[in-house]
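1. Return a 3D structure for these sequence lines:
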Amino acid sequence: MNHTPRTRSVVNCTLLVVTLVAGATACGEPDGDPLSLKPHDAAELISFNGPPENQKANLDKPIEVTVKEDDAKITDVTAVDADGRHLAGELDADGKRWHSTASLAAGTRYTVKVSTENGDGAPGSRTYAFGTQQAEKFLKVTFGPQAGTYGVGQPLTAELSAPVTGKAARATVERGLQVRSAPAVTGSWYWVDAKTLHYRPKEYWPADASIDLRSNLKGIKVTGGLYGDDTKPLKLTTGDRIEAITDASDHSMTVLRNGEVINTIPVTTGKPGFDTRNGVKVVLAKEQFVRMRGESIGIAAGSSESYDLPVYWATRVTWSGEYVHAAPWSTGSQGNANVSHGCTGMSTADAEWFFETVREGDIVKVVGSEGEMMTPFDNGFGDWNLSWAEWQKGSALHGDGTSETESGVETARLRPQV
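-> Now for the predicted structure:
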């Protein structure tokens with residue numbers, strides 16, 4: 001007696017499921033909501049001012065999409081070039097017109113995708129593709145230093161093939177020069193002059209960091225008829241954080257690796273009239289042997305200050321000739337008096353140890369000297385002697401994009417001093 005009702009129940013459930021499925025199928029048909037429809041070809045609704053087939057777009061002419069029917073509108077437009085860069089544009093509030101607001105990139109191909117709605121609210125779409133003219137004038141960028149491993153004080157450099165002036169043009173360049181590091185840091189470019197930029201983080205680079213530098217300026221209009229050229233990317237790494245801090249008043253150098261003292265060295269620095277520069281310098285090069293002559297820094301031959309000496313284990317920190325080096329002739333003064341012509345002298349053994357310990361980009365800081373402060377750009381890498389606020393003033397994105405070297409500071413000559 002219980003079997004029959006159970007069978008009837010199953011049959012009823014089955015019928016219910018079939019009914020629901022049928023209802024779902026009916027809902028799948030057009031239900032009056034235009035947005036549920038597959039987008040139609042919007043070619044009849046809009047017009048595009050792109051170049052005719054097999055012709056290239058004028059770089060100075062904005063592209064434009066307009067609506068041809070009063071009751072239709074544009075809902076979205078994306079324009080992307082062959083490198084995946086989006087072209088900035090603006091859609092009018094009424095949806096009747098979209099136009100590009102940035103210059104077209106040269107020598108590339110764009111894909112423009114347009115979304116629309118007709119008078120009934122039904123969606124439409126249309127895709128256009130076109131190429132752009134080649135540029136006639138190119139801005140080449142050369143990155144520095146060379147690929148390799150450097151100290152945490154190493155700035156990045158970008159040398160331009162043509163001068164760039166004006167805040168807008170400089171901002172375009174900065175936006176196109178991309179720096180990525182792992183770990184990530186906060187950093188900024190600084191315009192040393194119209195053809196030279198330096199990049200540094202707010203603080204020193206992290207130890208054992210990876211740094212990737214590349215340009216996204218290819219084909220981008222910088223100014224006038226000048227467009228960015230292709231640029232070879234650069235990858236660097238940093239080593240340990242090596243800091244050599246010389247206290248000229250105490251006649252000693254303290255060397256730290258990753259914050260821990262690894263050596264304390266008695267030294268002699270510049271005597272009165274030849275005082276060693278204060279501030280942060282960065283190792284520029286290492287030269288196992290250098291011949292140093294007084295005439296190279298303006299000392300008359302045969303005078304009481306004249307010298308002509310073979311110098312070993314010389315670590316250069318300025319282009320004007322300041323080194324950390326072996327000075328066996330002044331061992332009696334090292335640790336208790338300053339007797340050099342501006343360099344930091346130490347024993348031969350200590351100088352060799354220092355030479356073997358540091359690499360380009362490591363930090364050499366001098367405090368307690370009667371000398372002037374190391375200048376930022378005209379005599380090596382004194383970039384770290386600017387505060388972060390001062391540094392950002394040299395950026396067209398964060399400040400006014402000008403620098404003191406553009407006001408007349410000249411680069412120092414290569415001249416060694418002992």
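2. what residues are up against H325?
-> Contact partners of H325, counting by CB atoms under 8 Å, 6 or more residues apart in numbering, are V290, V311, Y312, W313, A314, T315, C343, T344, G345, M346, A351, V418. In this view, the C-beta of every residue, glycine as well, is placed from N, C-alpha and C.
3. can you rerun that using 10 Å?
-> Going by CB atoms under 10 Å, 6 or more residues apart in numbering, H325 touches 287, 289-290, 292, 309, 311-316, 340, 343-346, 348, 351, 354-355, 416, 418.
4. Which strand residues bridge the closest residue to it other than its chain neighbours?
-> Using CB to CB, 6 or more residues apart in numbering and skipping the chain neighbours, the partner closest in space to H325 is A314 (4.0 Å). A314 has these beta-bridge partners by DSSP bridges: E287.
5. Mind pulling the model confidence for A314?
-> For A314, the pLDDT comes out at 97.
6. One more: R291?
-> The score at R291 is 78. That number is its pLDDT.
7. Am I right that it falls within a strand?
-> Yes. Per DSSP: H, G, I helix; E, B strand; the rest coil, R291 lies within a strand segment.
8. Is it in contact with G321, as I believe?
-> No. Judged on CB atoms under 10 Å, R291 makes no contact with G321 at a distance of 11.6 Å.
9. between these two, which one's more packed in?
-> G321 (23 against 10; other CB atoms under 10 Å).
10. Strands of the stretch 201-350 of the chain, residue ranges please.
-> Assigned by DSSP state E, counting those that start in this stretch, the strands in the stretch 201-350 of the chain fall at 210-215, 221-223, 226-228, 234-238, 242-247, 252-257, 260-266, 279-282, 285-293, 308-316, 323-326, 344-346.
11. Show me what the third one packs onto, helices and strands only.
-> Which is strand 226-228. If you count contacts as 3 or more CB pairs under 10 Å, 6 or more residues apart in numbering; DSSP states H and E, strand 226-228 packs onto strand 137-139, helix 167-176, strand 221-223.
12. picking that back up, can you lay out the strands of the stretch 201-350 of the chain as JSON lines showing distance to T375?
-> Converted to JSON lines, the strands of the stretch 201-350 of the chain look like this (distance: least, CB to CB, whole Å):
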{"stretch": "strand 210-215", "distance to T375": "25"}
{"stretch": "strand 221-223", "distance to T375": "29"}
{"stretch": "strand 226-228", "distance to T375": "30"}
{"stretch": "strand 234-238", "distance to T375": "24"}
{"stretch": "strand 242-247", "distance to T375": "18"}
{"stretch": "strand 252-257", "distance to T375": "22"}
{"stretch": "strand 260-266", "distance to T375": "26"}
{"stretch": "strand 279-282", "distance to T375": "9"}
{"stretch": "strand 285-293", "distance to T375": "18"}
{"stretch": "strand 308-316", "distance to T375": "16"}
{"stretch": "strand 323-326", "distance to T375": "17"}
{"stretch": "strand 344-346", "distance to T375": "18"}
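13. W388 is nearest to which of those strands?
-> For those, proximity to W388 was assessed by CB to CB; strand 279-282 is nearest, at 13.4 Å.
14. partners of that closest one in the sheet?
-> Assessed with DSSP bridges, strand 279-282 is paired to strand 363-367 (antiparallel).
15. Over the strand it pairs with, what's the mean pLDDT, rounded is fine.
-> 98.
16. again, but for stretch 238-246
-> Averaging pLDDT along stretch 238-246 yields 98.
17. rewinding a little: for the strands of the stretch 201-350 of the chain, which one sits closest to V141?
-> Closest to V141 of the strands of the stretch 201-350 of the chain, according to CB to CB: strand 210-215, at 5.1 Å.
18. what inclination does the closest one have with respect to strand 234-238?
-> Put simply, strand 210-215 runs at 160 degrees to strand 234-238, going by axes from the mean of the first three to the mean of the last three CA atoms, to 10 degrees.
19. Identify each buried residue in strand 210-215, please.
-> Neighbour-count burial for strand 210-215 flags I211, L213, R214, S215 (criterion: 16 or more other CB atoms under 10 Å).
20. got those residues as TSV, with distance to M253 columns?
-> Formatted as TSV, the buried residues of strand 210-215 follow (distance: CB to CB, whole Å):
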residue	distance to M253
I211	28
L213	32
R214	38
S215	39
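21. Give the buried subset of the contacts of H325 as a ChimeraX selection command.
-> The following ChimeraX line selects those of these that are buried, judged by 16+ other CB under 10 Å:
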select :287,290,292,311,312,313,314,315,316,340,343,344,345,346,351,354,355,416,418
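22. Thank you kindly, that will do.
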